[in-house]
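Chemist: A structural model of the following input is requested.
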Amino acid sequence: MANREENKVALVSGANTGVGFQIAKALVENGYIVYIGSRDLQKGKAAVAELGENAKPLQLDITDSESVRMAVRTVENEYGYLTLLVNNAAISHAGKSGRTMEEVLGSQRASIAPINELKTVWDTNVFGTLALTQAFLPLLHKASSARIVTVSSALGSLGINANPENPYRGNFDAVYGASKTALNGIFLSLAIDLENTNIKVHLVSPGFTATALNNFQGTDSVEEGSKEPIRVALSEDLPNGSFTGPVGFSGKDHILPW
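Modeler: Predicted coordinates:
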């Protein structure tokens, strides 16, 4: 087991591609040992081949309790603590693949959203994310100073979507968008729960990034959209319970309204 003073150890879920991969890459470049969480282990190994020896593949399906348990055991056996948990894994829908973003959002309006699809998306984005976090809390508590960074979305902001002048409020759907609202609420609750401990909790929005989540229809490249999540993942002095996004997105520096 490695000495905790020698290494900062991170786990990034959904790290084999997209924003998660960019976060993992930045962490490796800044001296972290990084576990590359991926549902498909072979895809995780392919990502590690690009990232180098400080990256480690880790089979991880956050909706599978046995997969989560084995991931915790691996990190515990190899290091005995975790410095940083980045919750990045998420899905945007559970319906037919190949649809445009507009088609997906249109089918996920609250008046018509299939409840079974809503449950499937929330099982990953909300319940799976919290289950993974709860499972790793004992190892986070064993670090001298630890952080949880959860990739959310400004689309989940009630403050932004309640504003009639927001041109994108029509995209606030009951399946994906509201799952991020629930995620925000739960992790704000966690930040309050942990505020007198060694663990800080942060939520971050990448902005409208072109990834598989939106059929690559976002306005920002994955490199551009990863800048704010990377900033937060690397920052050790942010206030507990922060919710931030790209500069200019909210009109208030990085701070987003809940």
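Chemist: pLDDT weak spots in the stretch 151-258 of the chain?
Modeler: For the stretch 151-258 of the chain, the stretches flagged by pLDDT under 70 are 208-220, 247-252.
Chemist: ok, now how distant is the residue positioned nearest the centre of the chain from A162?
Modeler: For the chain, the residue nearest the mean C-alpha position is N88 (2.4 Å; Cα atoms, centre = their mean). Distance, N88 to A162, using Cβ to Cβ, to the nearest Å: 27 Å. C-betas here are computed from N, CA, C, even on glycine.
Chemist: Please report the number of neighbouring residues for the residue nearest to the residue nearest to the centre of the chain when sequence neighbours are not counted.
Modeler: Using Cβ to Cβ, 6 or more residues apart in numbering and skipping the chain neighbours, the partner closest in space to N88 is G20 (3.9 Å). Using other Cβ atoms under 10 Å, G20 has 27 neighbouring residues.
Chemist: For the host helix or strand of G20, give me every contacting residue.
Modeler: For G20, the host element (DSSP states H and E) is helix 18-29. With contacts defined as Cβ atoms under 8 Å, 6 or more residues apart in numbering, helix 18-29 is touched by 10, 12-15, 34, 36-37, 47, 50-52, 54-55, 84, 86, 88-89, 151, 206, 209, 211-213, 222-223, 225-226, 229-230, 233-234.
Chemist: What's the mean pLDDT across the helix or strand hosting E66?
Modeler: Using DSSP H and E, E66 falls within helix 65-78. Averaged across helix 65-78, pLDDT comes to 98.
Chemist: Give the other helices and strands that the following helix or strand past that helix contacts.
Modeler: Per DSSP H and E, the first helix or strand lying C-terminal to helix 65-78 is strand 84-87. With contacts defined as 3 or more Cβ pairs under 8 Å, 6 or more residues apart in numbering; DSSP states H and E, strand 84-87 has these neighbours: strand 8-12, helix 18-29, helix 129-141, strand 146-151, helix 227-234.
Chemist: so the shortest one versus helix 227-234, what angle?
Modeler: I take that to be strand 8-12. On the basis of axes from the mean of the first three to the mean of the last three Cα atoms, to 10 degrees, strand 8-12 is oriented at 140 degrees to helix 227-234.
Chemist: Equivalent analysis for the third one, please.
Modeler: Angle of helix 129-141 versus helix 227-234, following the same axes, to 10 degrees, is 30 degrees.
Chemist: Now helix 129-141: buried residues?
Modeler: 129-133, 135-137, 139-140 (16 or more other Cβ atoms under 10 Å).
Chemist: again with stretch 180-196
Modeler: Buried, per 16+ other Cβ under 10 Å, within stretch 180-196: 180-184, 186-188, 190-191, 194.
Chemist: That'll do, ta.
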